[in-house]
Each structure stands twice: as structure tokens, then as C-alpha cells.
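In: After the sequence you'll find the predicted model.
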Amino acid sequence: MLQHRTKVVDNFHGTMVADPYRWLEDTDSAETLEWTEKMKADCQQYFSECTTKEADRKRLEELWNFPKYFVPERVKDCLFFQKNDGVQNQAVLYMQEDGKEPAIAIDPNSFSTDGTVSLSNFSISHDAKYIAYAASANGSDWQDIHIRDLQTGGRYH
């Protein structure tokens, strides 16, 4: 197996930081591709032989699958907050007007069938009528920006 390390060291404002695996940053190099395939094979072998896999999966579900709420934001007479019920791929953005039940403002789980498009950022207008939001696919840094009318649901691209 490839386990070589390079002697790359960066100086960050007087602090020397070793980066022996910098070579892995070239994702298209033959060496990186070989290393990736070896890691994949090793992982598949390990998990195929793991006798506690099902029990581990169930325990992780018990620990991770619970409702999660994110920091709310008040704009005018509305409270905006994100919530994930514990089994959703993406947290849903809710809008709750004073004295009313929360309503879904944006459900990023509807952005794709496999749940890999997320709501990566959003900003609500000062009058709480519009929202600008960014969607990101597959964990990418690239974002598509959209604007939505929060009263009618109309979209502007």
C-alpha cells in the first residue's frame, strides 16, 4: 500500500505546519487514484467482515435520529428557524408569524430526489416578504442563488 509522506512544511506566520500528505491533493494523479482504490478495497473488506455492523447501525440511528432545531431569526413579526426531524436529509426552513402555526418556507428535501442538494445560505428581506437563498449540490462550494416571494411562493431567478 502507498504510505509515502512528503517533507512539505508551510510557514503560517512563524508556525511551521507539516503537510506530509499534500500529494493527495492532486485528485487526478495515478498515485492518488491508486491510493483511493486501495482505501476503498480495504474499507469494503473490513466492513464485509464486521460482525457488529447491523447493531452498530441501529445504535448510531438511536443516537443521531432526533429532532434538531437551529438558531432562529426574527424578522418583523415572523420567526424563521430550521428544523430537522431526525431522519431528513436536510433541515427544513420554517416561517412562523406571531400567533400562528409554523409554515414551511423552504424545504430543501424537495430540491432533489436523493436529498443531496442543501439550503446552504439564506437572507430574509427586512419586511419578511422575500427570501434570497442558495442551494448547493453534493456538498459543492458552488451555489445557485434564488429569490422567493414568501407570501405567494413565487420564484424569481
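Out: Arrived safely.

In: Counting neighbours, what do you get for the residue nearest to residue 107 when sequence neighbours are not counted?
Out: Spatial nearest neighbour of residue 107, chain neighbours left out: residue 92 (4.8 Å); criterion: CB to CB, 6 or more residues apart in numbering. Any C-beta I mention is one placed from the backbone N, CA and C, and that applies to glycine too. Residue 92 is flanked by 19 other residues according to other CB atoms under 10 Å.

In: how much space between residue 92 and residue 131?
Out: From residue 92 across to residue 131, the span is 13 Å (CB to CB, to the nearest Å).

In: what do you get for residue 73?
Out: Applying CB to CB, the value for residue 73 to residue 131 is 11 Å.

In: Kindly report the same for residue 6.
Out: Computed with CB to CB, the distance linking residue 6 and residue 131 is 46 Å.

In: Residue 113 in helix, strand or coil?
Out: coil (DSSP: H, G, I helix; E, B strand; the rest coil).

In: Phi and psi next, for it.
Out: With angles defined as degrees, to the nearest 10, residue 113 sits at phi -70, psi -30.

In: next SSE after the helix ranked longest in the chain?
Out: The single longest helix within the chain, with elements called by DSSP state H, is helix 30-49. Downstream of helix 30-49, the next assigned helix or strand under DSSP states H and E is helix 53-64.

In: for the helix or strand following that following helix, what is the average pLDDT?
Out: Per DSSP H and E, the first helix or strand lying C-terminal to helix 53-64 is strand 68-69. Across strand 68-69, pLDDT averages out at 95.
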